[in-house]
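*Asks:* Prediction below, plus the sequence it came from.
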Amino acid sequence: MILLAERLDNDPNVYFGALDATVRRNAYGRQLGSFATTEDITTFGADGAPSGTIADFPLVFIRGPFVAEVGPRAHVMASTGGNAVALQQDNILATAFHPEITDDTRIHEYFLTLG
């Protein structure tokens, strides 16, 4: 998410700048602030309209960022504690959590459908 964001609100660097969002690095604090929860994830079609839900997906945050501001080209897929933590813009997905460290592959399967 940090690498993809067009803007970081607490870091002057911009990396790929491919995602219309402002992201806050380490928004949940240091390693001790790491946590896990579950949330529903909304998926979006090519027209930007919601197309489905991935229910009760495990979100594991390790020094995670969150989205401070979402631009008009990006769509919020998931939020926790009032903060956006997953975005989709066209075929780009960005998460503040680590889906790769759980056994749940549904978000990976969804990503593969985006082509």
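*Replies:* That came through fine. Everything numeric here is computed off the predicted structure, so don't read it as measured data.

*Asks:* Please count neighbours and contacts with C-alpha atoms only from this point.
*Replies:* Will do.

*Asks:* now what about stretch 1-18, what contacts it?
*Replies:* With CA atoms under 8 Å, 6 or more residues apart in numbering as the test, stretch 1-18 has contacts from L19, D20, A21, T22, V23, R24, R25, P65, A68, A94, T95, A96.

*Asks:* Check which residues of the longest strand along the chain are buried.
*Replies:* Criterion DSSP state E: the longest strand present in the chain is strand 50-61. Within strand 50-61, the residues scored as buried using 16 or more other CA atoms under 10 Å are F57, P58, L59, V60, F61.

*Asks:* what about the chain, any weak spots by pLDDT?
*Replies:* 29-33 (pLDDT under 70).

*Asks:* Helices along that one, start to end?
*Replies:* Ranges of helices in the chain, per DSSP state H, are 106-113.

*Asks:* pretty sure I107 is touching P99, no?
*Replies:* Yes. When contacts are counted by CA atoms under 8 Å, I107 is listed as touching P99 (7.5 Å).

*Asks:* And the two? Which one has more around it.
*Replies:* Neighbours per residue, other CA atoms under 10 Å: of I107 and P99, the larger number sits with P99, 18 against 15.

*Asks:* what's near enough to touch the more buried one?
*Replies:* Neighbours of P99 in contact, by CA under 8 Å, 6+ apart: P58, L59, V60, T105, I107.

*Asks:* Quick check: it vs L112, distance?
*Replies:* 14 Å (CA to CA, to the nearest Å).

*Asks:* again, but for T53
*Replies:* For T53, the distance to L112 equals 16 Å [CA to CA].

*Asks:* same question, A46
*Replies:* If you go by CA to CA, the gap between A46 and L112 works out to 14 Å.

*Asks:* again with F44
*Replies:* For F44, the distance to L112 - CA to CA - is 13 Å.

*Asks:* Neighbour count: the two, which is higher?
*Replies:* Between F44 and L112, counting by other CA under 10 Å, F44 is the more crowded of the two (21 against 10).

*Asks:* can I assume that one is in contact with T53?
*Replies:* No. Between F44 and T53 there is no contact under CA under 8 Å: 9.1 Å.
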